[in-house]
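Q: Got a predicted model here, sequence first, then my questions.
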Amino acid sequence: GNSVTQMEGPVTLSEEAFLTINCTYTATGYPSLFWYVQYPGEGLQLLLKATKADDKGSNKGFEATYRKETTSFHLEKGSVQVSDSAVYFCALSVYPDDKIIFGKGTRLHILP
Amino acid sequence: GAGVSQSPSNKVTEKGKDVELRCDPISGHTALYWYRQRLGQGLEFLIYFQGNSAPDKSGLPSDRFSAERTGESVSTLTIQRTQQEDSAVYLCASSLMGPGLVTGELFFGEGSRLTVL
């Protein structure tokens, strides 16, 4: 079946630190990959996506590269801010399924 | 509002009671999804609507769960004879795209937190 595994949290970093949140996937077909973010008191929202191997999704200083050889889509940011504190979800969708499968989420705390 | 709206935001009920959760998607979005998130778990897919029909009900955990959508708009998720294991946050999302969703974006509501005592 299709599934997503991401690193467990919480992850606590100081402001301006480098961030990596690991995500690996299992898919029976060729998936599209996503990172969603949930800020406190808000609904989940799409952060970035990649639809084919070696694509790099980027947004708000975050990046993730679709690595087919390692079935990974790790989220990175070079210098985190307090406002990045949130829960991050790695997810995939495999055509022709109409649903997105999510990981368990990783809570990120950034200390000033 | 412009986003996905869910109600109630919080619901506490007694075991055995029925509950209804409501979702108002973004206007014009043909696809609507229900997910469940139990404490410490990921998002669990429940059901998907394209228009008013539900081509994928595979995630509904039991026959106590049902959902409907009318007017290609509002959706209601009903849980009958609630059990303690039904306690979770129920999330609704909508999307412009339907069948064959590959690169489409889901827009989520803030969820309905259900606690079954």
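A: Good, I have the coordinates.
Q: Show me where chain A dips below the pLDDT cut-off.
A: Applying pLDDT under 70 to chain A flags the ranges A:98.
Q: what residues does it put near chain B?
A: Taking Cβ under 8 Å from any Cβ of the partner chain as the measure of proximity, chain A contacts chain B at A:4, A:32, A:36, A:41-46, A:49, A:51, A:89, A:93, A:95-105. C-betas here are computed from N, CA, C, even on glycine.
Q: Selection in ChimeraX covering whichever of those residues are buried, please.
A: The ChimeraX selection below is limited to those of the residues of chain A next to chain B classed as buried (16 or more other Cβ atoms under 10 Å in any protein chain shown):
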select /A:4,32,36,43,44,46,49,51,89,93,97,98,99,100,101,102,103,104,105
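Q: From the contact counts, what lies against the lowest-mean-pLDDT helix or strand in chain B?
A: The helix or strand of chain B with the poorest confidence is strand B:53-56; it has a mean of 84 (mean pLDDT, DSSP states H and E). Contacts of strand B:53-56 with other secondary structure elements, assessed using 3 or more Cβ pairs under 8 Å, 6 or more residues apart in numbering or on different chains; DSSP states H and E, are made with strand B:43-50.
Q: how about the strands in chain B?
A: In chain B, the segments counted as strands under DSSP state E are B:5-7, B:10-13, B:19-24, B:31-37, B:43-50, B:53-56, B:65-69, B:75-79, B:88-95, B:107-108, B:112-116.
Q: residues contacting the spatially most central residue of chain B?
A: Central residue check for chain B by Cα atoms, centre = their mean: the C-alpha nearest the mean position is that of residue B:34, 2.9 Å away. Contacts for residue B:34 (Cβ atoms under 8 Å, 6 or more residues apart in numbering or on different chains) come out as B:23, B:46, B:47, B:48, B:67, B:75, B:77, B:90, B:91, B:92.
Q: just residue B:40 next, same as before
A: Counted by Cβ under 8 Å, 6+ apart, residue B:40 has contacts residue A:104.
Q: How about residue A:11?
A: Under the criterion of Cβ under 8 Å, 6+ apart, the contact partners of residue A:11 comprise A:19, A:21, A:106, A:107, A:108, A:109.
Q: What residues does the residue lying closest to residue B:75 once chain neighbours are set aside make contact with?
A: Closest residue to residue B:75 apart from its sequence neighbours, by Cβ to Cβ, 6 or more residues apart in numbering or on different chains: residue B:69 at 4.2 Å. By Cβ under 8 Å, 6+ apart, the contact set of residue B:69 is B:32, B:49, B:51, B:52, B:54, B:75, B:76.
Q: weakest of the strands of chain B by average pLDDT?
A: Averaging pLDDT over each of the strands of chain B singles out strand B:53-56 as the lowest, with a mean of 84.
Q: Tell me the strands beside that one, with direction?
A: Paired strands of strand B:53-56, with direction, are strand B:43-50 (antiparallel) (DSSP bridges).
Q: Pull out the CA atoms of the partner strand and give them to me as CSV.
A: Taking C-alpha atoms only, strand B:43-50 is exported to CSV below (Å, rounded to 0.1, in the frame of the first residue of the first chain):
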residue,chain,number,x,y,z
LEU,B,43,-4.5,12.1,9.1
GLU,B,44,-6.7,9.1,8.3
PHE,B,45,-8.8,9.3,5.1
LEU,B,46,-12.5,8.7,5.6
ILE,B,47,-14.4,9.7,2.5
TYR,B,48,-14.3,11.7,-0.7
PHE,B,49,-17.0,13.5,-2.6
GLN,B,50,-17.0,14.6,-6.2
